[in-house]
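Novice: Just need the structure, nothing else, for what follows:
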Amino acid sequence: MRAFCNHITLFVALGLLMSLAPTRSTQAQSRYGVNDTIITPAVVYEGDTIEAQTLPGIYVWGKYRYLGSSRRQWDRLRNAVYITYPYAVRAGIVFNDIERHISGSKDKRYITRYINSQEKTLRKEFADPLMNLSVYQGKVLMKLINRQTGGTNCYDILKEFKGGFSARFWQTVAFLFGSDLKQPYDPKGQDAQMESIVREVQRMYGYSG
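Specialist: Alright, predicted model coming up:
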């Protein structure tokens with residue numbers, strides 16, 4: 001009889017535990033939420049289990065050496081690049097687009113119309129801002145246009161699109177301001193500082209190329 005009662009007691013106890021288990025689980029979920037347990041990678045270090053995570057990579061650029069120029073010269077160049085690079089990018093896009101559209105075409109009327117339409121676009125977009133550039137900033141802009149067009153200098157661009165007379169006229173104007181439409185762009189030589197600043201601008205504002 002005692003053994004029978006013990007079996008009944010054990011059965012009742014198990015039944016109570018089973019009935020209570022869902023209630024406790026529900027209480028825990030209502031308190032902590034259904035995602036209170038998160039499975040993550042871990043490592044064992046000196047007997048302790050520690051969560052392990054792989055952090056995303058970061059880029060670190062050291063302080064730039066001015067390569068013989070003063071801080072004042074560096075700041076002046078950096079300021080000019082920041083101001084003119086967006087114009088150079090836009091001009092490069094337009095010039096490259098013109099080359100794609102007129103390359104192989106023998107229809108001079110079509111070529112003239114297309115070039116004039118693109119020139120109007122540039123004038124409308126940049127006439128006022130470019131008029132406010134200094135002579136020094138203009139020099140930097142011409143170098144950057146050379147960079148964006150794959151080595152084609154401003155003189156060659158004008159000669160190809162507007163004719164030799166127009167190119168010679170603007171070259172004369174450039175000389176009067178101490179500049180040169182034919183100046184090359186040398187990213188590994190004399191323009192290394194400018195190139196480093198261009199890369200900085202690209203990283204900061206998401207430019208490519």
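Novice: what bits of this protein have low per-residue confidence?
Specialist: Under the criterion of pLDDT under 70, the regions of the chain flagged as low confidence span 1-36, 59-69, 153, 158, 161-162, 165-167, 169-179, 209.
Novice: In contact with the nearest residue to residue 111 once chain neighbours are set aside, which residues?
Specialist: Across the structure, with CB to CB, 6 or more residues apart in numbering as the measure, the residue nearest residue 111 apart from its sequence neighbours is residue 102 (4.7 Å). Using the backbone N, CA and C atoms, a C-beta is placed for each residue, glycine as well. Taking CB atoms under 8 Å, 6 or more residues apart in numbering as the contact definition, residue 102 lies against 110-111, 114-115.
Novice: ok, now how distant is residue 102 from residue 108?
Specialist: Applying CB to CB, to the nearest Å, the value for residue 102 to residue 108 is 10 Å.
Novice: so who does residue 114 touch?
Specialist: If you count contacts by CB under 8 Å, 6+ apart, residue 114 has them with 98, 101-102.
Novice: again, only using 10 Å
Specialist: Going by CB atoms under 10 Å, 6 or more residues apart in numbering, residue 114 touches 97-98, 101-102, 105, 107, 161.
Novice: Now do the helices in the protein.
Specialist: 2-32, 71-102, 108-131, 135-148, 154-162, 164-176, 192-205 (DSSP state H).
Novice: could you give the angle of the longest one to helix 108-131?
Specialist: Counting by axes from the mean of the first three to the mean of the last three CA atoms, to 10 degrees, helix 71-102 points 160 degrees away from the direction of helix 108-131.
Novice: Quick one, which of the contacts of residue 102 are buried?
Specialist: Neighbour counting by 16 or more other CB atoms under 10 Å classes 111, 114-115 among those as buried.
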